[in-house]
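**Student:** no sequence for this one, just the structure:
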């Protein structure tokens with residue numbers, strides 16, 4: 001089993017170009033299966049000895065542990081991919097995860113900020129010191145270009161075409177796309193790059209990276225999360241806000257402003273239009289709320 005898992009993770013890394021976050025999720029999901037067998041069943045079987053009945057018991061165990069439907073659905077998707085790989089590479093003769101039913105997952109609308117709230121957040125960093133300039137540039141760039149936090153930390157100076165006002169971004173699966181950068185983000189980037197000081201011992205990666213930590217090395221996604229928490233406290237915005245909230249806000253505000261769905265899909269780098277359509281639900285809900293507040297005959301009649 002361990003050899004099959006190691007081979008699968010290498011396959012995801014080398015052949016599928018999976019993101020670091022995807023690799024981590026797959027590793028955690030397979031670790032959960034291993035722990036179930038070793039701690040509750042008493043032995044870890046060979047992949048070819050795993051059958052549907054065993055996996056159904058594993059799913060029941062996940063429900064008993066009160067994992068969310070979304071987490072269980074993700075783990076089942078991982079198992080299907082893993083055993084499909086095992087069949088192809090000779091670790092197994094059949095895919096025992098294929099017949100398993102995925103639990104129905106309700107669609108939750110993404111959390112986003114209003115334009116006024118985004119403005120408050122973007123104004124929070126101190127414009128007079130280097131760290132404040134960096135933080136302002138990070139927030140402006142994420143909102144202006146709709147970047148995932150992993151895409152932001154991966155940006156290199158050569159990816160920024162200052163004359164054209166665009167960024168070359170590498171998204172999920174290292175898929176490349178072009179992201180326009182607005183004037184506010186461009187100004188913030190110029191202010192940050194002017195004071196940016198890479199770690200002289202950090203090598204080429206520190207020299208190339210657009211955004212650096214206080215030591216002059218490439219910033220991490222965790223550091224950006226901590227930075228955002230700091231400004232959320234200062235501005236009094238909802239603590240459920242995450243770096244991805246700025247991407248949600250980017251898409252929602254574009255649709256509110258009249259952008260068509262296909263354009264938003266391309267700007268976000270979504271493979272499927274159905275992934276982008278969730279933002280139309282957000283925009284429609286806001287439109288309905290505005291209508292009910294504004295139209296004299298929209299509110300339900302009082303009895």
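**Tutor:** Nice, thanks for sending it over. Bear in mind the structure is a predicted one, so any value in this text is a computation, not a measurement.

**Student:** what about stretch 168-176, average pLDDT?
**Tutor:** What stretch 168-176 shows for mean pLDDT is 82.

**Student:** do the same with stretch 254-270
**Tutor:** Averaging pLDDT along stretch 254-270 yields 87.

**Student:** show me where the stretch 101-250 of the chain has helices.
**Tutor:** Using DSSP state H, counting those that start in this stretch, the helices of the stretch 101-250 of the chain run over residues 115-123, 130-145, 149-153, 183-195, 203-208, 221-235, 243-256.

**Student:** looking at the ones you listed, which one is packed in the most?
**Tutor:** Stretch with highest mean neighbour count among the helices of the stretch 101-250 of the chain: helix 130-145 (a mean of 23; mean count of other Cβ atoms under 10 Å). C-beta here means a position set from N, CA and C on the backbone, and glycine is covered the same way.

**Student:** from the rest of the structure, what touches that helix?
**Tutor:** For helix 130-145, the external contacting residues (Cβ atoms under 8 Å, 6 or more residues apart in numbering) are 118, 121-122, 125-127, 147, 149, 152, 167, 169, 179-182, 184-185, 188-189, 191-192, 194-197, 211-212, 214, 219, 224, 227-228, 231, 243, 246-247, 249-250, 267.

**Student:** redo that, cut-off 7 Å
**Tutor:** 118, 121-122, 125-127, 147, 152, 167, 179-182, 184-185, 188-189, 191-192, 195, 211, 214, 224, 227, 243, 246-247, 249-250 (Cβ atoms under 7 Å, 6 or more residues apart in numbering).

**Student:** export the helices of the stretch 101-250 of the chain as JSON lines, with columns for distance to residue 85.
**Tutor:** Shown next, in JSON lines, are those (distance: least, Cβ to Cβ, whole Å):
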{"stretch": "helix 115-123", "distance to residue 85": "42"}
{"stretch": "helix 130-145", "distance to residue 85": "34"}
{"stretch": "helix 149-153", "distance to residue 85": "24"}
{"stretch": "helix 183-195", "distance to residue 85": "41"}
{"stretch": "helix 203-208", "distance to residue 85": "31"}
{"stretch": "helix 221-235", "distance to residue 85": "27"}
{"stretch": "helix 243-256", "distance to residue 85": "29"}
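
**Student:** test my guess that residue 27 contacts residue 9.
**Tutor:** Yes. Counting by Cβ atoms under 7 Å, residue 27 touches residue 9, with 6.1 Å between them.

**Student:** so residue 224 versus residue 17, what's the distance?
**Tutor:** For residue 224, the distance to residue 17 equals 23 Å [Cβ to Cβ, to the nearest Å].
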